[in-house]
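Student: Structure here, sequence nowhere to be found:
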């Protein structure tokens, strides 16, 4: 049985599973988690698999609205990871008494549970059910029809011995690295097609939120899950995966410090905390550009890195 505590965690939580159970590795605040262990690789050989996670709040004045976790079966035959980036509402009423961190914790925990315990359920269906269950927990106390009801972007990945399944909703980033080093970015780019001047208007943005012709996030409507970008890749074609909130992906997509392949190399060499550290340094050096492009000088930044095959030895990008 997969276990996930929906409450905010101050540090790593690792269960002690019985045979056949799932071991969750939980990280929801500003410390990093690294887990390197030996896994069966066939023919009696053992292969190292590496999993690292870091999530850092944008400022000390606001709680971290990102959420991330991964879960590994004790047998070592597969796993799941989830990254949520909670959408910070503009000042004013959002119809909910709980807040975004509460929402991302509940939605993320439910999605991780379903992705691990119902491995025959497609990730889009798991997300839809997670949205419904989360909505049910506060339907009686909150106005879930409010356009700014708590919501989040989503990346989910699930793998077994044969395939790697993925889901991306809104402006989060998933990177899939092939054994030959080629990196493919899986993106939901609907926000990129909306003019920046429109997004600077709260009223105009609200009119496009979870609407045809606009963009979609996980909020209270389970049908939004069908709008996610989904797919499956043979396990043999995936050496490593990385899931990033937009506060971490800005190293490439905002500051242009390197390509997606360079970012993957940085994660391999320095880990998620190293990536976030470089993002923070770049933000400090160019506050005006960071604030203008994203609305925040420092955003919550989350990265999960999982190696599913031995590294290829590609070099780290120059600092």
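Tutor: Noted; the coordinates are in hand. Here the structure is a predicted model, which is why all the values come from computation and not from measurement.
Student: CA only for contacts and neighbour counts going forward, please
Tutor: Noted.
Student: How are the strands of the stretch 51-200 of the chain distributed by residue range?
Tutor: Ranges of strands within the stretch 51-200 of the chain are 66-73, 79-86, 152-159, 163-169, 173-177, 183-187, based on DSSP state E, counting those that start in this stretch.
Student: least reliable of those strands going by mean pLDDT?
Tutor: Mean pLDDT is lowest for strand 66-73 among the strands of the stretch 51-200 of the chain, at a mean of 93.
Student: Now do that one and strand 79-86, the angle between them.
Tutor: If you take axes from the mean of the first three to the mean of the last three C-alpha atoms, to 10 degrees, strand 66-73 sits at 170 degrees to strand 79-86.
Student: Strand 66-73: how far from the chain's middle?
Tutor: Remark: strand 66-73 is offset 9 Å from the chain centroid, using C-alpha atoms, centre = their mean, to the nearest Å.
Student: if we can go back for a sec, may I see the strands of the stretch 51-200 of the chain arranged in a markdown table, with distance to residue 263 as well?
Tutor: Shown next, in a markdown table, are the strands of the stretch 51-200 of the chain (distance: least, C-alpha to C-alpha, whole Å):
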| stretch | distance to residue 263 |
| --- | --- |
| strand 66-73 | 19 |
| strand 79-86 | 17 |
| strand 152-159 | 17 |
| strand 163-169 | 18 |
| strand 173-177 | 9 |
| strand 183-187 | 10 |
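Student: and of the ones you listed, who's closest to residue 212?
Tutor: With C-alpha to C-alpha, the closest approach to residue 212 among these belongs to strand 163-169: 14.3 Å.
Student: Mean neighbour count for the strands of the stretch 51-200 of the chain - can I get that in JSON lines?
Tutor: JSON lines is the format used below for those (neighbours: other C-alpha atoms under 10 Å):
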{"stretch": "strand 66-73", "mean neighbour count": "26"}
{"stretch": "strand 79-86", "mean neighbour count": "27"}
{"stretch": "strand 152-159", "mean neighbour count": "26"}
{"stretch": "strand 163-169", "mean neighbour count": "23"}
{"stretch": "strand 173-177", "mean neighbour count": "24"}
{"stretch": "strand 183-187", "mean neighbour count": "18"}
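Student: Of all those strands, which one is nearest residue 276?
Tutor: Closest among the strands of the stretch 51-200 of the chain, using C-alpha to C-alpha: strand 66-73, at 13.5 Å.
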